[in-house]
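Asker: compute the structure for the input listed below.
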Amino acid sequence: MTAHSPTRRTVLTTGVAVAGAAAGTVVLAACGGGDSGTSGSSQNTGSAPSAPSGTTVAALNDVPVGQAKSVTVDGKPAILARPTETTAACFSAVCPHQGATVAPEGDAIKCPLHGSEFDTLTGALEKGPADTGLSPIPVKVEGQNVVTA
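Answerer: Numbering: from 1, shown residues only. Next up is the predicted model:
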């Protein structure tokens, strides 16, 4: 055997270390939080839909003051909130953590996948694992309707 030839023990332990590292990489990838939003087509980044300005989202009176409801904007899930009698706010219903659709539940907007919670009237993050709030969708009140701005 020459000085450059690996021993059987070296080959076996190196193979186990490489296999273990590869398995660890797979586990880590599966537990990733999706912070970059660029790792694969199945991940939804939570970016807000952009409907043409003036598109009706809902009637203002469809949402009680101080509450929110699930709607769609440009065919994508969204949350429409009514902070006051004459104002509305809207945000994407896609959780920024891993792309699940969130929904209003009591006094919060909740993610069914990992339990992130967001403020009902602002979409701001209240409880992780998400690390950002919901993406805003610009809206305004026009007459009796909430429309995209």
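
Asker: what segments of the chain are strands?
Answerer: Under the criterion DSSP state E, the chain contains strands at 56-59, 68-73, 76-84, 87-92, 103-105, 108-110, 117-119, 125-127, 136-137, 139-142, 145-148.

Asker: so which residues make contact with the fifth one?
Answerer: Residues external to strand 103-105 that are found in contact with it (CB atoms under 8 Å, 6 or more residues apart in numbering): 67-70, 79, 93, 109-110, 112, 120. The way it works is simple: take the backbone N, C-alpha and C, and place the C-beta from them, glycine included.

Asker: parallel or antiparallel, which strands does it pair with?
Answerer: Strand 103-105 has the following strand partners under DSSP bridges: strand 108-110 (antiparallel).

Asker: contacts for the strand it pairs with next, please.
Answerer: 68, 79, 93, 102-104, 116-120, 123, 126, 134.

Asker: try 6 Å this time
Answerer: 79, 102, 117-118, 120 (CB atoms under 6 Å, 6 or more residues apart in numbering).

Asker: which of those residues sit farthest apart?
Answerer: Ile79 and Glu117 (12.6 Å; CB to CB).

Asker: pick out whichever of these two has more residues nearby.
Answerer: Ile79 (27 against 17; other CB atoms under 10 Å).

Asker: shouldn't that one be in contact with Ser92?
Answerer: No. With contact defined as CB atoms under 6 Å, Ile79 does not reach Ser92; the gap is 7.7 Å.

Asker: OK, contacts around Val63?
Answerer: Val63 touches 69, 80, 82, counting by CB under 6 Å, 6+ apart.

Asker: buried among those residues? Make that a ChimeraX selection.
Answerer: Only the buried entries of those go into this ChimeraX selection, using 16 or more other CB atoms under 10 Å:
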select :80,82
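
Asker: out of the contacts of Val63, which comes closest to Pro52?
Answerer: Leu80 (17.2 Å).

Asker: reformat the strands of the chain as TSV; add mean pLDDT.
Answerer: TSV is the format used below for the strands of the chain (pLDDT from 0 to 100):
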stretch	mean pLDDT
strand 56-59	95
strand 68-73	96
strand 76-84	97
strand 87-92	97
strand 103-105	96
strand 108-110	96
strand 117-119	97
strand 125-127	96
strand 136-137	96
strand 139-142	96
strand 145-148	96
